[in-house]
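S.K.: Sequence first, predicted model second:
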Amino acid sequence: MVTRAYAEGGLSRRFRLKRFERLCALIDTIIEERGACRIVDLGGSRHYWDIVSDYVAGRPLEITLVNPKETQIPAGKFAYLAADAADAAALDGLRFDLVHSNSTIEHVGEWARMSVFAANVRRLAPRYYLQTPYFWFPYEPHFRAPMLHWLPEQLRYRLVMTFALGFAEEKDNVADAMIRVQSARLLDKGQLQALFPDAEVFEERFCGLTKSLIAVRH
């Protein structure tokens, strides 16, 4: 599913490239100060960084991908850690120059787990960059469906059992459908600011509407 998502071209790729402009500027600032940049990517994937492969190749970077669901082979500038970033002890003792996370916090579970995830983001490095889709944008990006996330779960699980939404096939039982429905919990700006009170929150817009939120601590 991750591979298929990052293989997308068109509008999705343009948004990712635009986000990288702010991220790369932050990375370059760190390199100017420290001579190199050690990044931990919570929920990260090599597919994501391949979008700016030339940039990565030309910079003194070390990128640690933390992901319990997608096994990845360490290579070159990339290391891999199979860990749960919403576990308070999973990343204990680690320290980096920058924490990065793209479209991950909405997948870690209920508010208590989001709070632990956010605490890990805030303590692992002096700077962080985190992006997440916006709840009030009228299109759910994980299910590729308009306004689906505004419907009650009791209707959403029935739709997931009827249609192949997003990059997943339709589910054939209620249990699997509910797991799929609850796999993404989108946030509004107030919730994101509460999780990251020391961040500046930027709004990524499309057609005049806020599409995603980006929390940055400089």
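M.R.: Yes, it's here. Small disclaimer: the values here were computed from a predicted structure and weren't measured.
S.K.: Show me what counts as buried in the biggest helix by length in the chain.
M.R.: Among the elements of type helix in the chain, defined by DSSP state H, the one spanning the most residues is helix 10-34. Neighbour counts over helix 10-34 (16 or more other CB atoms under 10 Å) mark 15-16, 19-20, 23, 26-27, 30 as buried. Heads up, the C-betas are built off the backbone N, CA and C, glycines and all.
S.K.: Next: stretch 106-115.
M.R.: Within stretch 106-115, the residues that qualify as buried by neighbour count (16+ other CB under 10 Å) are 106-109, 113-114.
S.K.: from those, which two are the most distant?
M.R.: Across those, the longest distance by CB to CB is 11.1 Å; it joins 106 and 113.
S.K.: Name the residues that touch stretch 61-80?
M.R.: The set of residues external to stretch 61-80 that reach it, using CB atoms under 8 Å, 6 or more residues apart in numbering, is 2, 27, 36-46, 49, 56, 81-85, 91, 96.
S.K.: Check the offset of it from the chain's centre.
M.R.: With CA atoms, centre = their mean, to the nearest Å as the basis, the distance from the averaged C-alpha position of stretch 61-80 to the chain average is 15 Å.
S.K.: Okay, buried residues for it please.
M.R.: By neighbour count, and taking 16+ other CB under 10 Å as the criterion, the buried residues in stretch 61-80 are 61, 63-67, 70, 72, 78, 80.
S.K.: First-to-last residue distance for that stretch?
M.R.: End-to-end distance for stretch 61-80, by CA to CA, to the nearest Å: 14 Å.
S.K.: tell me the average confidence for it?
M.R.: The average of the pLDDT scores along stretch 61-80 is 90.
S.K.: coming back round to it: out of the buried residues of stretch 106-115, the closest to residue 161 would be?
M.R.: Closest approach between the buried residues of stretch 106-115 and residue 161, by CB to CB: residue 107, at 20.6 Å.
S.K.: Report the contact partners of that closest one.
M.R.: Remark: with contacts taken as CB under 8 Å, 6+ apart, residue 107 is in contact with 43, 183-185.
S.K.: Kindly give a single ChimeraX line that selects the buried subset of those residues.
M.R.: Selecting just the buried residues from the contacts of residue 107 in ChimeraX takes one command, with 16+ other CB under 10 Å as the test:
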select :43,184,185
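S.K.: okay, the contacts of residue 107 in JSON lines with distance to residue 151 next?
M.R.: As requested, the contacts of residue 107 are exported to JSON lines (distance: CB to CB, whole Å):
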{"residue": "43", "distance to residue 151": "26"}
{"residue": "183", "distance to residue 151": "15"}
{"residue": "184", "distance to residue 151": "13"}
{"residue": "185", "distance to residue 151": "14"}
